[in-house]
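In: I would like the atomic coordinates for the input below:
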Amino acid sequence: RGAMELGATQLQEKSMRIKGLECLVAILKCMVEWSRDIYVNPHSQSNLSSDHKSKEGEADLSKSVSSNDLGVKDNIEQIQNLKQQKEILEHGIELFNKKPKKGIEFLQKQGLIGPDPRDIADFLHKDDERLDRTVIGDFLGDPEDLNKNTMYLYVDMLEFKDKDLIQALRLFLEGFRLPGESQKID
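Out: Residues are numbered from 1 along each chain as shown. Next comes the predicted model:
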């Protein structure tokens with residue numbers, strides 16, 4: 001129901017709508033701040049931490065409608081950018097799970113993974129449940145130079161210090177599944 005039906009004037013209704021938008025912007029800012037603490041991708045084209053500090057006086061509710069519109073547009077653009085990056089990452093993971101090399105190439109072209117084997121190893125090392133562990137094992141077991149270098153860097157990233165043999169083997173094997181072909185295991 002509209003505010004006018006409840007006895008509010010047109011000016012009061014406009015004021016309530018502006019306050020409602022300001023509240024939504026504040027909520028979105030809190031959500032972005034919260035998500036920045038959880039995830040920051042060093043290879044992404046746009047980082048959550050950039051351009052995220054609120055400007056002086058931005059929380060003042062007495063600002064004009066035009067300046068509030070700019071704040072809303074900035075937040076909407078930032079959220080749309082994050083959504084687009086997430087969709088790109090999801091598509092890249094989907095491609096990787098079908099054909100690992102195509103998925104890696106796609107993510108590199110999009111700037112989410114660097115060109116270096118260390119960047120690929122970092123990506124595979126992330127504890128992302130969406131990555132198929134069998135496909136990771138097949139990729140690391142491929143005899144091509146890129147795959148071998150990635151495998152060596154992947155293994156070097158594991159921390160075996162102060163672990164007994166069983167714990168070390170579990171840590172080693174939890175990130176991927178051994179390929180079915182013995183040639184790839186060598």
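In: which secondary structure element is home to I79?
Out: Here I79, judged by DSSP states H and E, is contained in helix 65-98.
In: list the buried residues in the helix or strand that that helix is followed by.
Out: Toward the C-terminal end, the helix or strand that comes next after helix 65-98 (DSSP H and E) is helix 100-109. Neighbour counts over helix 100-109 (16 or more other Cβ atoms under 10 Å) mark 100, 103-104, 106-108 as buried. All C-beta atoms are positioned from the backbone trio N, CA, C, and that covers glycine.
In: what mean pLDDT does helix 100-109 have?
Out: Throughout helix 100-109, pLDDT has a mean value of 90.
In: convert the C-alpha atoms of the next helix or strand after it to PDB, please.
Out: Next in sequence after helix 100-109, counting helices and strands by DSSP H and E, comes helix 117-125. Presented in PDB, the C-alpha positions along helix 117-125 are these (Å, rounded to 0.1, in the frame of the first residue of the first chain):
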ATOM      1  CA  PRO A 117      52.100 -22.400 -13.200                       C
ATOM      2  CA  ARG A 118      52.300 -21.100  -9.700                       C
ATOM      3  CA  ASP A 119      49.000 -19.200 -10.300                       C
ATOM      4  CA  ILE A 120      47.400 -22.400 -11.600                       C
ATOM      5  CA  ALA A 121      48.700 -24.300  -8.600                       C
ATOM      6  CA  ASP A 122      47.200 -21.700  -6.300                       C
ATOM      7  CA  PHE A 123      43.900 -22.000  -8.000                       C
ATOM      8  CA  LEU A 124      43.900 -25.800  -7.700                       C
ATOM      9  CA  HIS A 125      45.000 -25.500  -4.100                       C
END
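In: re the thing from before, with respect to W34, which of the buried residues of helix 100-109 is nearest?
Out: Compare each of those with W34 using Cβ to Cβ and the shortest gap goes to L107, at 25.3 Å.
In: give the contact list for that closest one.
Out: 88-89, 92, 96, 113, 123 (Cβ atoms under 8 Å, 6 or more residues apart in numbering).
In: and those, which two are furthest apart?
Out: Pairwise distances among the contacts of L107 were taken by Cβ to Cβ; the largest, 13.3 Å, belongs to I88 and F123.
In: neighbour count for those two, which is higher?
Out: When I88 and F123 are compared on other Cβ atoms under 10 Å, the one with more neighbours turns out to be F123, at 26 against 18.
In: and the more buried one, how far from L158?
Out: Spatial separation of F123 from L158 under the definition Cβ to Cβ, to the nearest Å is 15 Å.
In: tell me what angle the helix or strand where I18 lies forms with helix 65-98.
Out: Taking DSSP H and E as the definition, I18 sits inside helix 10-38. Here helix 10-38 points in a direction 40 degrees away from that of helix 65-98 (axes from the mean of the first three to the mean of the last three Cα atoms, to 10 degrees).
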